[in-house]
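Engineer: kindly generate the corresponding structure for this input.
(one chain, ligands or ions: 1)
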Amino acid sequence: MQKGRDLAGFLHETAAADIAKLITSIAEGTKELSHAVRNLGAMGLGGSMDVTNVQGETVQKLDDHSNNVMMRVCKDSGTCAGYLSEENEDIVTLNTGGKYIVSIDPLDGSSNIDIAAPVGTIFSVLERISPVGSDVTREDFLQPGYKTVAAGYALYGSSTMLVFSTGAGTHIFALSTDDNGYYQTHLRMFIPGGGRIYSLNQGNLGKFESTAQQFVDWCIAHEKGPYSLRYIGSMVGDMHRTFIKGGVFLYPAAKGEKRGKLRLLYECIPMAFITEHAGGRAINGSQRILDIQPTELHERCAIIIGCKDLVSKYEEFAQAVAV
Ligand code: AHM
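Structural biologist: Here you go, the predicted model:
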């Protein structure tokens, strides 16, 4: 099969030079992680470490390795001033002369590592507010998502895919095992309408806000027949399916709370950014994700994301509850 455009050529034509450099560095990091995911045992990266991260979760060896790799490639880019990761409590200054900051979940879907199921990396890029030449500040990272300059994810599944946007459409590349290069697979990605898939941890329905139950009931009793439930348990895997096949992914707020489980800065905002650039929508139930003003580095957020029609349907139920 003929290969599509390669990543370097694509970035050269479509992105500013310094952003292209940063995306290229992140892409190189994802190649290392793709290799690590497929060679866990040989690289001694299976199982967990004896530490918990800032979220109170046990750190897997692959989580730690992924964080080290992504921090290194961001530093090596020369254009990345600062780094916020799920695995670090605080922000890190990498290059005081850099213009951008990166928020990242280096290894999303950790519970899938030991069962050889899909995992991924999610990242977003902002322009710093603090002056070039100084250390980065928390304010650099606590900017609303509509200020995002670029965002994306890598999926380490049966293929390794890189999906990103630099603000002009969402684009998808596959990693070739022939030459370890990324090649474009779709000219521009649009979430297909009419998708009949909903994706959430249905076992948690009793814990979620009541809108989630109403929405699921609506999906199951749909006049054209029940929607299918698909849930991989890694946001990257579930969102990749949503991009290709349509439908909606949900991690709603818990009952009596506004927040869900997923992290605003390095899970919800980047996915919302690429979803909007692919013609979809992302809300927390009542508000557009990209309009939320973050207040904490590791803030959690509810998310309903995917095809416009289905996100709007959820919003309709939420508004009816709120009245
Ligand atoms: P992680 O950052 O520990 O990997 O957790 C994030 C993951 C998401 O990828 C996924 O959508 C969600 O947690 C699954 O949570 P649950 O097991 O509650 O369904």
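Engineer: helix/strand/coil for the residue most central in space within the chain?
Structural biologist: Residue closest to the average C-alpha location in the chain (CA atoms, centre = their mean): residue 122, at 3.8 Å. When classified by DSSP: H, G, I helix; E, B strand; the rest coil, residue 122 comes out as strand.
Engineer: what's across from it in the sheet?
Structural biologist: residue 105, residue 153 (DSSP bridges).
Engineer: which elements pack onto the longest helix that the chain contains?
Structural biologist: Secondary structure assigned by DSSP state H gives helix 17-38 as the longest helix of the chain. Applying 3 or more CB pairs under 8 Å, 6 or more residues apart in numbering; DSSP states H and E, we find helix 17-38 packed against helix 7-14, helix 61-77, strand 100-108, strand 119-127, strand 150-156, strand 160-165, strand 171-175. Placement of C-beta: from N, CA and C, glycine included.
Engineer: turn these into TSV, including distance to residue 47.
Structural biologist: Output for the helices and strands packed on helix 17-38, formatted as TSV (distance: least, CB to CB, whole Å):
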stretch	distance to residue 47
helix 7-14	33
helix 61-77	6
strand 100-108	14
strand 119-127	15
strand 150-156	18
strand 160-165	22
strand 171-175	25
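Engineer: which of those sits closest to the ligand?
Structural biologist: Nearest to the ligand, of all the helices and strands packed on helix 17-38, is strand 100-108, at 4.6 Å by CB to the nearest ligand atom.
Engineer: if I pick residue 109, what's in contact with it?
Structural biologist: Listed by CB atoms under 8 Å, 6 or more residues apart in numbering, the contact partners of residue 109 are 117, 118, 119, 120, 232, 233, 234, 235, 236, 237.
Engineer: same thing but at 6 Å, please
Structural biologist: For residue 109, the contact set (CB atoms under 6 Å, 6 or more residues apart in numbering) comprises 119, 234.
Engineer: and it, how far from residue 226?
Structural biologist: Distance of residue 109 to residue 226, computed by CB to CB, to the nearest Å: 26 Å.
Engineer: what of residue 217?
Structural biologist: 11 Å.
Engineer: list the buried ones in stretch 279-287?
Structural biologist: By neighbour count on 16 or more other CB atoms under 10 Å, the buried set for stretch 279-287 is 279, 280, 281, 282, 283, 284, 285.
Engineer: same question, stretch 208-216
Structural biologist: The neighbour-count check on stretch 208-216 (16+ other CB under 10 Å) flags 208, 209, 211, 212, 214, 215, 216 as buried.
Engineer: what is the nearest of these to the ligand?
Structural biologist: residue 208 (10.7 Å).
Engineer: contacting residues around the closest residue in space to that closest one that isn't next to it in sequence?
Structural biologist: Excluding the flanking residues, the one nearest residue 208 by CB to CB, 6 or more residues apart in numbering is residue 252, at 4.4 Å. Neighbouring residues of residue 252 by CB under 6 Å, 6+ apart: 208, 209, 212, 260, 302.
Engineer: including distance to the ligand, could these go into JSON lines?
Structural biologist: What follows is those, written out as JSON lines (distance: CB to the nearest ligand atom, whole Å):
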{"residue": "208", "distance to the ligand": "11"}
{"residue": "209", "distance to the ligand": "15"}
{"residue": "212", "distance to the ligand": "13"}
{"residue": "260", "distance to the ligand": "9"}
{"residue": "302", "distance to the ligand": "12"}
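Engineer: just to check, residue 282 is in contact with residue 305?
Structural biologist: Yes. Here residue 282 reaches residue 305: they are 4.0 Å apart, a contact under CB atoms under 6 Å.
Engineer: what's around residue 46, how many residues?
Structural biologist: 13 (other CB atoms under 10 Å).
Engineer: wait, what's in contact with it?
Structural biologist: Counting by CB under 6 Å, 6+ apart, residue 46 touches residue 40.
Engineer: could you rerun that using 10 Å?
Structural biologist: 40, 60, 61, 62, 113, 114 (CB atoms under 10 Å, 6 or more residues apart in numbering).
Engineer: give me the buried entries from these.
Structural biologist: Buried by 16+ other CB under 10 Å: 40, 60, 61, 62, 113, out of the contacts of residue 46.
Engineer: list the beta-bridge partners for the second one.
Structural biologist: On the basis of DSSP bridges, residue 60 is bridged to residue 48.
Engineer: likewise residue 303?
Structural biologist: residue 251.
Engineer: in this structure it contacts residue 258, no?
Structural biologist: No. Look at residue 303 against residue 258 with CB atoms under 10 Å: they stay out of range, at 11.9 Å.
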